[in-house]
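Trainee: give me a model of this one.
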Amino acid sequence: MRVAGSQKGLSFVGWLLALALAAFVLSVAFKLVPHYLDHMSMKKIINAVDTNPALDITTVGDFYSYVGKSMQVNSIRDLDLNKVLSVTVEDNKFLAHLQYEKRESLIQNIDLVVKFDDTFKVGKP
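Mentor: Prediction:
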């Protein structure tokens with residue numbers, strides 16, 4: 001019974017390991033979450049072509065213009081629209097292919113890489 005009374009929690013080394021693990025997880029989260037939020041914003045921008053009837057988007061140029069302006073409004077500045085988005089017209093709908101990857105340095109020569117690849121069929125040309 002005496003052994004159970006002497007166990008009162010983590011040791012100093014245990015606390016250091018727990019803090020190191022928490023710092024690592026927070027570091028990874030702070031580097032990756034903004035990319036996922038930007039991608040979610042890009043998906044909403046592209047889907048708005050289909051859901052917002054007030055937009056008068058009839059050509060591929062109009063589509064690129066709308067997405068570019070929406071990217072400025074949402075402060076998405078680290079993506080080159082012409083490289084990450086390709087838009088064609090198929091079956092009287094816009095076929096938008098959003099594909100890119102983002103890299104963030106983690107520790108020296110170790111990088112975190114996220115890849116996004118989505119296809120949308122939206123709107124009426």
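Trainee: quick one, what contacts the closest residue to residue 90 other than its chain neighbours?
Mentor: Nearest non-adjacent residue to residue 90, counting by C-beta to C-beta, 6 or more residues apart in numbering: residue 121, 7.7 Å away. Quick note: C-beta positions are derived from backbone N, CA and C, even for glycine. Residue 121 is in contact with 90, 93-96, counting by C-beta atoms under 8 Å, 6 or more residues apart in numbering.
Trainee: quick check: phi and psi on residue 121?
Mentor: phi -120, psi 100 (degrees, to the nearest 10).
Trainee: distance of it from residue 87?
Mentor: Separation of residue 121 from residue 87 (C-beta to C-beta, to the nearest Å): 11 Å.
Trainee: quick one: common contacting residues for those two?
Mentor: 94-96.
Trainee: quick one: which of these is nearest residue 38?
Mentor: residue 96 (16.1 Å; C-beta to C-beta).
Trainee: which secondary structure element contains that closest one?
Mentor: Secondary structure assigned from DSSP states H and E places residue 96 in strand 93-107.
Trainee: swap in residue 120?
Mentor: Here residue 120 is assigned to strand 110-122, by DSSP H and E.
Trainee: wait, residue 42 sits on residue 76?
Mentor: Yes. Contact criterion C-beta atoms under 8 Å: residue 42 and residue 76 qualify, at 6.8 Å.
Trainee: which one's more surrounded, those two?
Mentor: residue 42 (25 against 19; other C-beta atoms under 10 Å).
Trainee: relative to residue 22, how far out is that one?
Mentor: For residue 42, the distance to residue 22 - C-beta to C-beta - is 31 Å.
Trainee: same check on residue 108?
Mentor: In terms of C-beta to C-beta, residue 108 sits 21 Å off from residue 22.
Trainee: tell me which of those two has more neighbours.
Mentor: Counted by other C-beta under 10 Å, residue 108 and residue 22 do not tie: residue 22 has more neighbours, with 10 against 6.
Trainee: mind checking the SS state of that one?
Mentor: Secondary structure state of residue 22, per DSSP: H, G, I helix; E, B strand; the rest coil, is helix.
Trainee: tell me, what's the model's pLDDT at it?
Mentor: With respect to pLDDT, residue 22 scores 96.
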